[in-house]
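> show me the folded form of this:
(chains A, B and C)
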Amino acid sequence: MSKTMTPKTKQAIQTLIKHLHQADVAYYNSKPIMSDGQFDNMYFELKQYKQEFPDDKAINHYFSTIPYNTDNTFKHVHHPYFIGSLDKTRTKDAVAKFLDKWNRKKGDLWYTDSFLVQRKEDGLSIVLYFNDPRMKKPFVALTRGGGHVGEDITNELYHFNRMDIAKIRQRIGKRHLVVRGEALIDDKDFNRINKHHEWANSRNLASGSIMNKDPRVAGKRGIFLSVYTLINRDEWTDKYPTELEQLKFLKSLGFYIIKDVHQFPNTPEGHRQIIRFMFTFPNWKRKAVGHPIDGMVIKPNYTVNLSKIGFNPHGPRYSVSWKFPPKSAIGILQKVRWQESANGKLTPVGILKHPVHILGSEISKASLASMPDIKRRGIMLYDHVTVRRMNDVIPKMIKPIKAFRTGKEVPISKTIPKGAIRKGAYLYLPINKHSKTVMIHRWKRFVSKPCLNIMGLSYKIIAKLIDEHLIDPHDFSSLWRIDKKKFMSIKGFGTKRWDTLQDELRKAQSRPLARVLMGLPLNNAGLALLKPIAKRIKNFKPILSDPKRLQAMHHKLIVEIPQLKGFGQSSVPVIDDLFSPDMIKQLQNLTPYLDMIDDQKSSSAKAKPKSAQKLAGMKFVITGTLSKPRKHFTTLIKQNGGKMQSDVNGKTAYLITNHKSNSRKYRAAVAKHVKIINENQFEKLLH
DNA sequence: GCAGCTACTATCCACTCACT
DNA sequence: AGTGAGTGGATAGTAGCTGC
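Predicted coordinates:
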């Protein structure tokens, strides 16, 4: 039963088909406008619509007419077998469901003793026919094409690397053999050749090389065929009933056989192992393969009954593939939200019309960084944009798909709030001290971890306290004078929350002066500046109550602080801000509740005696997750005389990480020949 | 008194920009 | 080169409420 379609859905489907078609055409003209992952996402979406609306003509038309390049001189030949593609699964559940279909009783149609899991290589699918009676020549090589008609590339095969087709033909003799493999180019060859070209990826290069009129070109570019299955296996199962035996046989004939085929038993534990193996396949391993792979394939090892299981319209029913989650996706930039911060700074965040899925997570918003960044990338409002997660984590809008523009796009500068002032790359709104956003931001800072560290007062809780008139938004000290009865009468607030708050307030009393000062709405004031200030103030309470001493201290700081190493005249406005009437009033109000004494013991990680300092002078950078919190390592480093850096530079001694990655720090470490060690090697440095 | 639910928070990560 | 501020999502954890 197909549901009725809303006009909105209809429009969505039309747009999807239009874009898939554009992408198809671009792809077959070797000028792809999006990545495979992005294409897959859209394709998958349309497939889901197909399930929902199986009778829709537009959808069915798309799936029945898949375009291919007609502009070539290669001969089209019919495949005597249907060369299908595998069903794509996306979830663990779908994989589990596939595995559960198989029985362990020999004789059953769906029987196998074990499964094979192998890479899904991302090249050009090619079928080799030896002595096939339906072919005009004793040896024919065809591309897969749409599965029914392929292109004759027999001449090119003689120039492929890693196999000698003439020798293989000799060994086969008169026997009938049909094998399938993937034409691939190694990453190192791709990179070498692409210095002078602009191929989108090595699959495109493989395709382009084979299509080149000169068959020698493919060979020179390092193309090879990775053979992964026997197609006419029914004629061979008497001798070789399993896939593994068939692959071994093909290898003995001289074919280059796909690497890393893993076998798992058809048992509940085996199923769990398969899922674990596939879904935790690390990125570095994927890169280490040396040529692109885009997923995993699962197939039964026992092949005797496979032809009886048969095909669905796309390919065999007895095998499925799982594709790696795409690294980027295409979304529509529907809205730009200008987020206002405590100091009036406006930062743009791109809101997507529909969430997209990248690396298994749903992304609905992505950073637009700043106006210069937006201009560099040429992104406009209502554009289709590619979205990536930087280092697989942080969502960011990368670039517009200009081919999808309708002419209705609007420059993002038009969305800037009225009254915003430009200062460098950022925009600011004049600070309105009564704006609720600004007030809450200031409270957030005051109670935040590096400042007063009062737990349990989040953005929403603060908003509630202000709304219920429990605190005076302009006076931090009002937090200590909340009316217990009123507090408890608010929905969601009880004794526990009250007790916790009181407990937190007591703890806050002894926070070091520097952290109290950092809680104030001062611009550009961090601990680095406030610590030397607090050190000179020592005990603020007696000074606050004496205007003369206050003035003297203000003067002393303005003179002394800019003299310190690392500080300049820029610290003066911060100090002036600190001694402005508003701030002093805040501090005076807070005197009954806070100690406001400089914490001299706080030179945190106590350094070991110099003789024991194994890391003296060494600079360290950490990237990625380690087995213990980073603090564990930073403390150890500091205790032993080392220093932490946030970025790798020429002076970095070691990058500590447990995994290879493509992060900025890792790349920098490789480029700058910085030693890369894991946490175990780091521990050894200390012994 | 307990389980299950809802609401919410802190923390982590990489990166960008401003500034000294 | 170093510091500070500020971006979002995943995750694990906390607290309070509700129903039994």
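
> so A:K365 is in which element?
strand A:361-367 (DSSP states H and E).

> gap between that strand and the chain center?
Remark: strand A:361-367 is offset 11 Å from the chain centroid, using C-alpha atoms, centre = their mean, to the nearest Å.

> can you list the buried residues in it?
Neighbour-count burial for strand A:361-367, counted by 16 or more other C-beta atoms under 10 Å, picks out A:I363, A:A366, A:S367. Using the backbone N, CA and C atoms, a C-beta is placed for each residue, glycine as well.

> what packs against the next helix or strand after it?
Using DSSP H and E, the helix or strand that follows strand A:361-367 towards the C-terminus is helix A:371-377. Packing partners of helix A:371-377 (3 or more C-beta pairs under 8 Å, 6 or more residues apart in numbering; DSSP states H and E): strand A:394-400.

> how about the host helix or strand of A:Y129: buried residues?
Element membership for A:Y129, per DSSP H and E: strand A:124-130. By 16+ other C-beta under 10 Å, the buried positions in strand A:124-130 come out as A:L124, A:S125, A:I126, A:V127, A:L128, A:Y129, A:F130.

> need the pLDDT of the fourth one.
Confidence at A:V127, expressed as pLDDT, is 94.

> tell me who's in contact with it.
A:H79, A:Y81, A:I83, A:A141, A:L142, A:T143, A:R144, A:G150, A:V178, A:V179, A:R180, A:I231 (C-beta atoms under 8 Å, 6 or more residues apart in numbering).

> and which of those is nearest to DNA strand B?
Taking C-beta to the nearest atom of the strand as the measure, DNA strand B lies nearest A:R144 of the contacts of A:V127, at 37.0 Å.

> what distance do you get for that closest one to A:V77?
Relative to A:V77, A:R144 is positioned 12 Å away (C-beta to C-beta, to the nearest Å).

> for A:R481, same thing?
Counting by C-beta to C-beta, the gap from A:R481 to A:V77 is 87 Å.

> and the two? which has more neighbours close in?
Ranked by neighbour count (other C-beta atoms under 10 Å), A:R481 and A:V77 place A:V77 first, with 22 against 13.

> pretty sure that one belongs to a helix, no?
No. Per DSSP: H, G, I helix; E, B strand; the rest coil, A:V77 lies outside any helix segment and is strand.

> give the contact list for it.
Here A:V77 is in contact with A:M135, A:V140, A:L142, A:V149, A:G150, A:E151, A:D152 (C-beta under 8 Å, 6+ apart).

> farthest residue from the center of chain A?
A:K548 (57.2 Å; C-alpha atoms, centre = their mean).

> which bits of the stretch 201-350 of chain A sit near DNA strand C?
A:Q339, A:S341, A:A342, A:N343, A:K345, A:T347, A:V349 (C-beta under 7 Å from any atom of the strand).

> and the residues you listed, which are buried?
For those, buried by 16+ other C-beta under 10 Å: A:A342, A:N343, A:K345, A:V349.

> how close does the third one sit to A:L333?
Which is A:K345. A:K345 is 21 Å from A:L333, by C-beta to C-beta.

> what's the ChimeraX syntax to select whichever of the contacts of A:V77 are buried?
In ChimeraX, this line selects whichever of the contacts of A:V77 come out buried by 16+ other C-beta under 10 Å:
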select /A:135,140,142,150,151,152
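
> check the contacts of A:V77 one by one and keep those near DNA strand C.
Of those, not one also sits near DNA strand C (C-beta under 7 Å from any atom of the strand).

> return the item of the contacts of A:V77 having minimum pLDDT.
A:V149 (84).

> in the stretch 1-150 of chain A, which spans are strands?
Taking DSSP state E, counting those that start in this stretch to define them, one finds strands in the stretch 1-150 of chain A at A:76-78, A:87-89, A:114-121, A:124-130, A:139-143, A:149-151.

> need the phi and psi values for A:L530.
For A:L530, the backbone dihedrals (degrees, to the nearest 10) come out as phi -80, psi -30.

> tell me, how many residues neighbour it?
With other C-beta under 10 Å as criterion, A:L530 counts 23.

> gap between A:I309 and A:A183?
28 Å.

> can you show me the strands along the stretch 301-450 of chain A?
A:320-323, A:328-340, A:345-358, A:361-367, A:384-390, A:394-400, A:421-423, A:426-428.

> the longest one pairs with which strands, parallel or anti?
Using DSSP bridges, strand A:345-358 pairs in its sheet with strand A:328-340 (antiparallel), strand A:361-367 (antiparallel), strand A:426-428 (antiparallel).

> about what we covered before: of the buried ones among the residues of the stretch 201-350 of chain A next to DNA strand C, which is the nearest to A:A166?
A:V349 (61.6 Å; C-beta to C-beta).

> can you pull the contacts of the closest residue to that closest one other than its chain neighbours?
Using C-beta to C-beta, 6 or more residues apart in numbering and skipping the chain neighbours, the partner closest in space to A:V349 is A:R337 (4.7 Å). The contact partners of A:R337, by C-beta under 8 Å, 6+ apart, come to A:P348, A:V349, A:G350, A:I351, A:K365.

> again, only this time at 10 Å
Contact partners of A:R337, counting by C-beta atoms under 10 Å, 6 or more residues apart in numbering, are A:L346, A:T347, A:P348, A:V349, A:G350, A:I351, A:K365, A:L368, A:T415.

> same check, this time on A:S435
A:E340, A:G344, A:L429, A:H441.

> A:L427 contacts A:A420, doesn't it?
Yes. With contact defined as C-beta atoms under 10 Å, A:L427 reaches A:A420; the gap is 4.2 Å.

> wait, A:R515 sits on A:A525?
No. Using C-beta under 10 Å, A:R515 is not in contact with A:A525, being 11.3 Å away.

> how close does A:Y318 get to A:K485?
71 Å.

> need the strands of the stretch 1-150 of chain A in CSV (columns: distance to A:Y43).
As requested, those are arranged in CSV below (distance: least, C-beta to C-beta, whole Å):
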stretch, distance to A:Y43
strand A:76-78, 25
strand A:87-89, 9
strand A:114-121, 16
strand A:124-130, 17
strand A:139-143, 20
strand A:149-151, 21
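
> of these, which is nearest A:W236?
strand A:124-130 (12.4 Å).

> so what strands line up beside that closest one?
By DSSP bridges, strand A:124-130 pairs with strand A:139-143 (antiparallel), strand A:177-184 (antiparallel).

> including distance to A:T386, could these go into TSV?
Formatted as TSV, those follow (distance: least, C-beta to C-beta, whole Å):
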stretch	distance to A:T386
strand A:139-143	29
strand A:177-184	26
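
> tell me the contacts of the residue lying closest to A:Y426 once chain neighbours are set aside?
Distances taken as C-beta to C-beta, 6+ apart place A:K345 nearest to A:Y426, at 5.5 Å, with adjacent residues excluded. The contact partners of A:K345, by C-beta under 10 Å, 6+ apart, come to A:W338, A:Q339, A:K423, A:Y426, A:L427, A:Y428, A:L429, A:I431, A:N523.

> please name the bridge partners of A:W322.
Under the criterion used (DSSP bridges), A:W322 bridges to A:T89, A:M296.

> for A:R134, see how far away it is.
Counting by C-beta to C-beta, the gap from A:W322 to A:R134 is 34 Å.

> more neighbours: which of those two?
Set A:W322 next to A:R134 and count neighbours by other C-beta under 10 Å: A:W322 wins out with 27 against 11.

> A:K433: how many residues sit nearby?
11.

> let me redo that: A:S252
10.

> that one: what's it in contact with?
A:S252 touches A:R171, counting by C-beta under 10 Å, 6+ apart.
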